[in-house]
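Novice: Just a sequence and a predicted model for now, questions to come.
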Amino acid sequence: MKKLPAEIVASALAVTTVLISLPPYHLPPWAIFISWAGTFAMGGPSPQNLRKIWPVLPVGSLFAFFIVLGFQQAATVFTGNAFIAAQMVILFCLNGSMMFLARIVPGLGFIPGMFFGFASYFATLFGGFGPVPHDPVAALGACIAMNALGPLYAWLKERWSAPEGSKLSWQGWESKA
């Protein structure tokens, strides 16, 4: 298979996220980009890195989901400063639990990946993305699915593109990248 310039491959993959974000599912394209970039930030889509990032992305999203549910429940009981304090306690306990889990469970030690999933969930929920806008459960499913695609996109980009900085030949056009 002839390798294409990295800019062509990455852009072609990026274009698919436009279709992903369309109704009726209205999936969050940035969740793909966050985990795609995260994969390259950790050194690229090697088998070792993929084994590190894929398990932790949904863990981060799940903990963000629990935080949202906790905040929603606290809002039915507390108001004003008491509600703010309750939110702080919920966030402290669940964030700390997530990080502790990363320390004690083999295979969940890539904490930045958890935070990629964590941030993607909040952006999905509060951005109104997913098949049911602002629904915590729908946002969780949409976020986990899209975060899972990011490392796959990183892998496809590497598989289909010529190495960075190499002399490329594509349909008669030559470039020194």
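Specialist: Perfect, thanks for sending it.

Novice: Going by C-alpha atoms from here, please, whenever you check contacts or count neighbours.
Specialist: OK.

Novice: ok, the closest residue to residue 135 other than its chain neighbours - contacts?
Specialist: Nearest residue to residue 135 in three dimensions, chain neighbours excluded: residue 125, at 6.8 Å (C-alpha to C-alpha, 6 or more residues apart in numbering). By C-alpha atoms under 8 Å, 6 or more residues apart in numbering, the residues touching residue 125 are 133, 134, 135, 136, 139, 140.

Novice: Checking the first one next. Helix, strand or coil?
Specialist: Reduced to three states with DSSP: H, G, I helix; E, B strand; the rest coil, the structure at residue 133 is coil.

Novice: what sits against it?
Specialist: Residue 133 neighbours (C-alpha under 8 Å, 6+ apart): 125, 127, 139.

Novice: neighbours of the second one, just the number please.
Specialist: So that's residue 127. 13 (other C-alpha atoms under 10 Å).

Novice: okay, it: pLDDT?
Specialist: Listed pLDDT for residue 127 reads 97.

Novice: Now it. Its backbone dihedrals?
Specialist: When read as degrees, to the nearest 10, the backbone of residue 127 gives phi -80, psi -10.

Novice: Low-confidence regions, this protein specifically.
Specialist: Applying pLDDT under 70 to the chain flags residues 165-177.

Novice: Tell me where this structure has helices.
Specialist: 6-20, 29-41, 47-75, 80-104, 111-126, 136-160 (DSSP state H).

Novice: Please work out which of the ones you listed is packed deepest.
Specialist: With neighbours taken as mean count of other C-alpha atoms under 10 Å, those reach their highest mean count in helix 111-126, at a mean of 23.

Novice: mind saving the C-alpha coords of it as PDB?
Specialist: Extracted in PDB, the C-alpha atoms of helix 111-126 (Å, rounded to 0.1, in the frame of the first residue of the first chain):
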ATOM      1  CA  ILE A 111      -3.800   9.000  34.900                       C
ATOM      2  CA  PRO A 112      -3.600  11.600  32.100                       C
ATOM      3  CA  GLY A 113      -5.800   9.200  30.000                       C
ATOM      4  CA  MET A 114      -8.400   9.200  32.800                       C
ATOM      5  CA  PHE A 115      -8.500  12.900  32.700                       C
ATOM      6  CA  PHE A 116      -8.900  12.900  28.900                       C
ATOM      7  CA  GLY A 117     -12.000  10.800  29.500                       C
ATOM      8  CA  PHE A 118     -13.100  12.900  32.400                       C
ATOM      9  CA  ALA A 119     -12.900  16.200  30.500                       C
ATOM     10  CA  SER A 120     -14.500  14.600  27.400                       C
ATOM     11  CA  TYR A 121     -17.500  13.600  29.500                       C
ATOM     12  CA  PHE A 122     -18.100  17.000  30.900                       C
ATOM     13  CA  ALA A 123     -17.800  18.600  27.500                       C
ATOM     14  CA  THR A 124     -20.200  16.100  26.000                       C
ATOM     15  CA  LEU A 125     -22.800  16.500  28.800                       C
ATOM     16  CA  PHE A 126     -22.700  20.200  29.200                       C
END
